[in-house]
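1. give me a model of this one.
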Amino acid sequence: MLSQCKVLKKLTFSLLLSTLALAGCGAYVDQRADKQEIRATQSYPPTGRFVDVDGTRVHAHIEGRGPDLILIHGASGNTRDFTFDFVDRVKDRYRVIAFDRPGLGWTERLGDRQTGPINTRAETPAQQARLLKAAADQLGVRDPIILGHSYGGAIALAWALEFSDHPAALVPVSAASNPWPGGLGPLYAVNSSRVGGAVVVPLITAFAPKDRAETAIAAIFAPQSPPQGYADYIGVGLTLRRETLRANAQQVNSLRPHVVDMSKEYPLIDIPVEIVHGAKDRIVPLDIHSTPLAQQIPAANLTILPDVGHMPHHVAPQAVINAIDRAAARAGLR
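-> Numbering: from 1, shown residues only. Okay, the predicted model is just below:
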């Protein structure tokens, strides 16, 4: 009996030491993640203004004059993807409003139910569209052309479905618009889960090496290369914040069922739609997304860029600008 008690005491002591070690490790990870996030927010401050939508703070970068042009970024992105140089290319003839999506950049997530390490809820495309539309209303936006890139394309399409009388035209660029076969890989599944959100995400924030981020950016641009200075300008540290990593993973991981439902309603969109997609896009493949989208929307025109990957607004900006101008002309804005 005494020997059993000694064994139990030893086991209890070992478990206590292990728990303390894990707690200490967790505290160290959190401290390091805190420092990384502080460094990121100080290095990449907001470039625009904030709009309060029922308690949710929305970040909007606004420049230029002319018809309203709304820009919605893709997964893991923020307004800096557009302000790198694209906004400068169109602000001479459009009032450009680039929004950060919920949880990304400087826009907050939608309420307390969708924040924190153990949350697994994601903002749906429709919820994001409603939030950004409410922000656009406060900014006096009228008859906008809405350009959505990648995941942002799904938001632009949801916007048109939710508010059929609001957008004047859509410009989906490399847009995620239709259901795809297979999954998205383990990282999205892990980071969007409770365990991943609480354990794995802080580790990524604390220890992700810069060269891995640059490799990921290069893969997104392939077969082209990122513009010089893009990786430093975009603010990778903003993307690697804990809440942003969770928001992005949860939104992307839950997108497919929404585009399944949305795709059934695309024939109801009766405004000018100018689709732009690279034939070499391996992130959001042309044949799965924009080719069927062009057939689903009666007033859609598809521009295929033969040798371009997932980032046409950077590597073939004039083709995207031409699509915007065509959309404006078709909508009677020019």
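2. pLDDT weak spots in the stretch 1-150 of the chain?
-> Applying pLDDT under 70 to the stretch 1-150 of the chain flags the ranges 1-24, 112-116, 118.
3. which residues in it form strands?
-> Listed in chain order, the strands found in the stretch 1-150 of the chain under DSSP state E, counting those that start in this stretch are 49-53, 56-63, 68-72, 95-99, 145-149.
4. rebuild those as a markdown table, extending it with distance to Leu184 and mean neighbour count.
-> Using the backbone N, CA and C atoms, a C-beta is placed for each residue, glycine as well. Below are the strands of the stretch 1-150 of the chain laid out as a markdown table (distance: least, C-beta to C-beta, whole Å; neighbours: other C-beta atoms under 10 Å):
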| stretch | distance to Leu184 | mean neighbour count |
| --- | --- | --- |
| strand 49-53 | 29 | 15 |
| strand 56-63 | 26 | 20 |
| strand 68-72 | 20 | 27 |
| strand 95-99 | 24 | 25 |
| strand 145-149 | 18 | 30 |
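5. how about those, which one is nearest Thr205?
-> Shortest distance between Thr205 and the strands of the stretch 1-150 of the chain, using C-beta to C-beta, is found for strand 56-63: 20.3 Å.
6. so what strands line up beside the closest one?
-> strand 49-53 (antiparallel), strand 95-99 (antiparallel) (DSSP bridges).
7. quick one: it to chain centroid distance?
-> 15 Å (C-alpha atoms, centre = their mean, to the nearest Å).
8. contacting residues for the residue nearest to Leu245 when sequence neighbours are not counted?
-> Spatially, and ignoring its direct neighbours in sequence, Leu245 is nearest to Val201 (4.8 Å; C-beta to C-beta, 6 or more residues apart in numbering). Each residue near Val201 by C-beta atoms under 8 Å, 6 or more residues apart in numbering is listed here: 117, 191, 242, 245-246, 249.
9. and the helix or strand containing Val201, which residues are buried?
-> Element membership for Val201 (DSSP states H and E) is helix 201-207. Across helix 201-207, burial judged by 16 or more other C-beta atoms under 10 Å covers 201-206.
10. show me which pair in those is furthest apart.
-> For the buried residues of helix 201-207, the maximum inter-member distance is 9.6 Å, found between Val201 and Ala206 (C-beta to C-beta).
11. how many other residues sit next to Gly105?
-> Residues near Gly105, counting by other C-beta atoms under 10 Å, number 26.
12. what sits against the residue nearest to it when sequence neighbours are not counted?
-> Take Gly105 and drop its neighbours on the chain: the residue closest to it by C-beta to C-beta, 6+ apart is Asn78, 3.1 Å away. The contact partners of Asn78, by C-beta under 8 Å, 6+ apart, come to 100, 104-106, 234-235, 238-239.
13. how about JSON lines for the residues you listed, with distance to Lys35 added?
-> Shown next, in JSON lines, are those (distance: C-beta to C-beta, whole Å):
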{"residue": "Asp100", "distance to Lys35": "23"}
{"residue": "Leu104", "distance to Lys35": "21"}
{"residue": "Gly105", "distance to Lys35": "20"}
{"residue": "Trp106", "distance to Lys35": "19"}
{"residue": "Ile234", "distance to Lys35": "20"}
{"residue": "Gly235", "distance to Lys35": "16"}
{"residue": "Leu238", "distance to Lys35": "15"}
{"residue": "Thr239", "distance to Lys35": "17"}
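14. pull the most distant pair out of those residues.
-> Trp106 and Ile234 (13.7 Å).
15. okay, and Leu302 sits in which element?
-> Per DSSP H and E, Leu302 falls inside strand 300-305.
16. so after that strand, what's the next helix or strand?
-> Counting by DSSP H and E, the element after strand 300-305 in chain order, helix or strand, is helix 312-315.
17. what average pLDDT does that following helix get?
-> Average pLDDT, helix 312-315: 98.
18. same thing with stretch 250-257?
-> Over the span of stretch 250-257, the pLDDT mean works out to 96.
19. before we move on, the earlier item: for Val190, see how far away the residue nearest to Gly105 is.
-> With distances taken as C-beta to C-beta, to the nearest Å, Asn78 is found 23 Å from Val190.
20. assign a three-state SS to Gln224, would you?
-> coil (DSSP: H, G, I helix; E, B strand; the rest coil).
21. wait, isn't it in contact with Gly309?
-> Yes: if you go by C-beta atoms under 8 Å, Gln224 and Gly309 touch, sitting 5.6 Å apart.
22. quick one, which of these two is more surrounded?
-> Legend: neighbour count by other C-beta under 10 Å for Gln224 and Gly309, higher for Gly309 (23 against 19).
23. nearest spatial neighbour of the residue most central in space within the chain, chain-adjacent residues omitted?
-> Taking C-alpha atoms, centre = their mean, the centroid of the chain lies closest to Ala75, which sits 2.9 Å from it. Closest residue to Ala75 apart from its sequence neighbours, by C-beta to C-beta, 6+ apart: Tyr151 at 4.3 Å.
24. then Arg80?
-> Ile234 (5.0 Å).
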